[in-house]
Structure formats: structure tokens, C-alpha cells
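Enquirer: Using only what follows, build the 3D model:
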Amino acid sequence: MELVPASQPRLDEEMIAENAPIIRAEVFRRYQEIWDALKPYVDGSSDEDGVVRRPDPRLVDSAIRVLAQLQKLWRLDTPSKPDPELSAQVPGEILAKVEAQLAELERRRVS
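Expert: Numbers count the residues shown, from 1 in each chain. Just a heads-up that it's a prediction; the model follows:
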């Protein structure tokens, strides 16, 4: 019996473009599974006996990498489009708006 090597599947740009959303979803699902497995070891949660776990430094590094990759998948590292309403305003108006919102938050916090 002679073994015949299997032909390599050919991926072209069209196939990649067609399947990009599916691939992105699968990669996201896998990263989410990894994060779900790491989370109890890095967030200082307590186990069923009420004992608080200290974060494991070895797993913290892995968790940071997973979160960085999830950030890239969600494209959180790319700047968002500027708000046309804010860009039309003078910087002084923006500062006044921010100060008013901060004063409102401070008022709510004190109340």
C-alpha cells in the first residue's frame, strides 16, 4: 500500500475575505474561553470555601496577553471617529462642557 501525500489546501485572498467574520468569531470565542479559565486565578476571587486566592503571577502575564489580543479583535486600539459636533466647537466651549459635567458628577457623589 502506497501512501499518497494529501494536496495542500490552497487559500487565496478571496477565501480569506469571505471567511474573515467566521474566523474572527472563532478566534474571539477561543480567547474568551482562555480568559474564562484564567479569570479566577488573576482577579483575587474566593473559592467555594471562601478562601481568597492570590493572583498567580504566571497566569497574570497570560491574562494580559489574552486581553491585549481581545482588544485588537474588538479594534479598541484604533482611534474612533471624532464627533463632528465637538470638533465644530471652540476648545473653550468643550472645556466648559467638561467642567459642567464634572461638577454634576461631583454633586451626585456628595448627595
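
Enquirer: Would you mind pulling up the elements that the helix or strand harbouring Glu18 packs against?
Expert: Using DSSP states H and E, Glu18 sits in helix 13-42. On a contact count with 3 or more CB pairs under 8 Å, 6 or more residues apart in numbering; DSSP states H and E, helix 13-42 meets helix 57-73. (C-beta placed from N, C-alpha, C; glycine too.)

Enquirer: Show me which parts of the helix it packs on are buried, residue by residue.
Expert: Ser62, Ala63, Val66, Gln69, Leu70 (16 or more other CB atoms under 10 Å).

Enquirer: tell me the average confidence for that helix?
Expert: Throughout helix 57-73, pLDDT has a mean value of 88.

Enquirer: Packing partners of it?
Expert: Looks like helix 57-73 contacts helix 13-42 (3+ CB pairs under 8 Å, 6+ apart).

Enquirer: the bottom helix or strand of this protein by mean pLDDT?
Expert: helix 84-87 (a mean of 64; mean pLDDT, DSSP states H and E).

Enquirer: ok, and the closest non-adjacent residue to the most centrally placed residue in the chain?
Expert: Closest residue to the average C-alpha location of the chain: Gln71 at 3.1 Å, with CA atoms, centre = their mean. Nearest residue to Gln71 in three dimensions, chain neighbours excluded: Asp77, at 5.7 Å (CB to CB, 6 or more residues apart in numbering).
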